[in-house]
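Undergrad: coords below, sequence missing:
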């Protein structure tokens, strides 16, 4: 496991340097959080990545996240994000308080999530997931429904909207990626202010474009693990 930790630490350090250079070259000086996506990986891999310095980790299925929520190292635990599709039945069966639920995209999940947070005696951080691509079959709220969803969110004191998650288009079209992320940044600046809010844009294949357009958080799996990540 020590060799695995060393590999992750080296990749993490190189990624941080690359992100910092890209951000500065595009006029951004804010800190950019790196979330390690551990879906499809073993508990040992998740713990090794955390040991290498990646404090924020993400899963896309509640049953896996719930099973890993108690992973710890010297009394410290990862800060977990949920990044999968929200399904009310799975929520009811497997929810545990996490650092952030990043994929809220419709009003129907709000009462379930709020009730579970209330039962757990927490105020649950959430991100609203946006679909700005216009492509069919994508998750996320469309821009013309965003105001309505944010108003719905504000009616649940158990939930705190911290920002947006923006999924990019297929990464082959880098100009389109930049366009989508640029619009995400514009909406973020319209609705949020202050350093405690989050604009989660960019994964292993398109983080460069996302950082260039002002992302404050990237979700990285393949870069660390290969094809099984993200």
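TA: Ah, there it is. Since this is a predicted model, take the numbers as computed values, not measurements.

Undergrad: for the residue lying closest to residue 166 once chain neighbours are set aside, give me its contacts.
TA: The spatial neighbour of residue 166 that comes closest, neighbours along the chain excluded (Cβ to Cβ, 6 or more residues apart in numbering), is residue 184 at 3.7 Å. For the C-beta atoms, the positions are set from N, CA and C on the backbone; glycine is no exception. Contact analysis of residue 184 by Cβ atoms under 8 Å, 6 or more residues apart in numbering lists 130, 132, 164, 166, 199, 201, 213.

Undergrad: for those residues, which one is nearest residue 123?
TA: The shortest approach to residue 123 among the contacts of residue 184 belongs to residue 164, at 18.7 Å (Cβ to Cβ).

Undergrad: returning to what we had before: which ones among the contacts of residue 184 are found in strands?
TA: 130, 164, 166, 199, 201 (DSSP state E).

Undergrad: ok so, going back, secondary structure class for the residue nearest to residue 166?
TA: When classified by DSSP: H, G, I helix; E, B strand; the rest coil, residue 184 comes out as helix.

Undergrad: from the chain's centroid, how far away is the host helix or strand of residue 90?
TA: Assigned by DSSP states H and E, residue 90 falls within helix 88-94. Chain-centre distance of helix 88-94: 20 Å, with Cα atoms, centre = their mean, to the nearest Å.

Undergrad: what lies in contact with that helix?
TA: Counting by Cβ under 8 Å, 6+ apart, 61-63, 65-66, 108-109, 112-113, 116 sit against helix 88-94.

Undergrad: contacts for the longest helix along the chain?
TA: Ordering each helix of the chain by length in residues (DSSP state H) puts helix 2-25 first. Applying Cβ under 8 Å, 6+ apart, the contact partners of helix 2-25 are 29-30, 32, 34, 44-45, 48-49, 51-54, 207-208, 211-212, 218, 220, 223-224.

Undergrad: looks to me like residue 145 is in a helix.
TA: Yes - residue state for residue 145 (three-state DSSP) corresponds to a helix.

Undergrad: give me the pLDDT for it.
TA: Looking at residue 145, its pLDDT reads 97.

Undergrad: how far away is it from residue 204?
TA: 29 Å (Cβ to Cβ, to the nearest Å).

Undergrad: ok so, going back, closest to residue 96 among the contacts of residue 184?
TA: residue 164 (23.4 Å).

Undergrad: that closest one pairs with what?
TA: Beta-bridge pairing for residue 164 (DSSP bridges): residue 128, residue 199.

Undergrad: can you report how many residues neighbour it?
TA: 28 (other Cβ atoms under 10 Å).

Undergrad: pretty sure it is touching residue 131, no?
TA: No - in this structure residue 164 lies outside contact range of residue 131 using Cβ atoms under 8 Å: 10.9 Å.

Undergrad: quick revisit: give me the more crowded residue out of residue 145 and residue 204.
TA: Ranked by neighbour count (other Cβ under 10 Å), residue 145 and residue 204 place residue 204 first, with 19 against 15.

Undergrad: what helices and strands are in contact with the helix or strand bottoming out on mean pLDDT in the chain?
TA: Using mean pLDDT, DSSP states H and E, helix 62-68 stands out as the lowest-scoring helix or strand of the chain, at a mean of 87. If contacts are counted by 3 or more Cβ pairs under 8 Å, 6 or more residues apart in numbering; DSSP states H and E, helix 62-68 sits against strand 56-59, strand 79-82, helix 88-94.

Undergrad: now the last one: mean pLDDT?
TA: So the one you mean is helix 88-94. 93.
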